[in-house]
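Visitor: Give me the fold of what follows.
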Amino acid sequence: MTTAEVCRRHGVSSATFYKWKAKFGGLDVSEARRLKTLEDENARLKRMLADAMLDNVALKDLLGKKW
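Guide: Numbering: from 1, shown residues only. Here you go, the predicted structure:
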């Protein structure tokens with residue numbers, strides 16, 4: 001069975017398959033799981049930073065206005 005056939009069978013594009021292969025091909029299961037955990041944590045921290053920056057801008061706007 002070719003790569004294209006396997007991809008079609010599972011509803012995955014060939015491009016996605018090769019991206020996954022490049023990203024996870026050399027990793028064992030525990031390393032891939034660790035990578036996924038770190039990526040999730042990184043995304044969460046980026047959202048927290050964005051929220052804090054928005055709060056900071058709002059506070060600066062509020063404090064900068066004359067009453």
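Visitor: For the lowest-mean-pLDDT helix or strand in the chain, give me every contacting residue.
Guide: Ranked by mean pLDDT, DSSP states H and E, the weakest helix or strand in the chain is helix 14-24, scoring a mean of 91. Residues outside helix 14-24 that contact it (Cβ atoms under 8 Å, 6 or more residues apart in numbering) are 3-4, 6-7, 32, 35. C-beta here means a position set from N, CA and C on the backbone, and glycine is covered the same way.
Visitor: farthest-separated two in those?
Guide: Using Cβ to Cβ, the two most remote members of those are 4 and 35, lying 26.5 Å apart.
Visitor: thinking again about what came up before, after the least confident helix or strand of the chain, next one along is what?
Guide: helix 29-64 (DSSP states H and E).
Visitor: Show the average pLDDT along that following helix.
Guide: Mean pLDDT, computed over helix 29-64, is 95.
Visitor: how far does it sit from the chain's center?
Guide: 12 Å (Cα atoms, centre = their mean, to the nearest Å).
Visitor: Nearest to residue 60 among the contacts of helix 14-24?
Guide: Taking the contacts of helix 14-24 together and measuring to residue 60 by Cβ to Cβ, the closest member is residue 35, at 37.2 Å.
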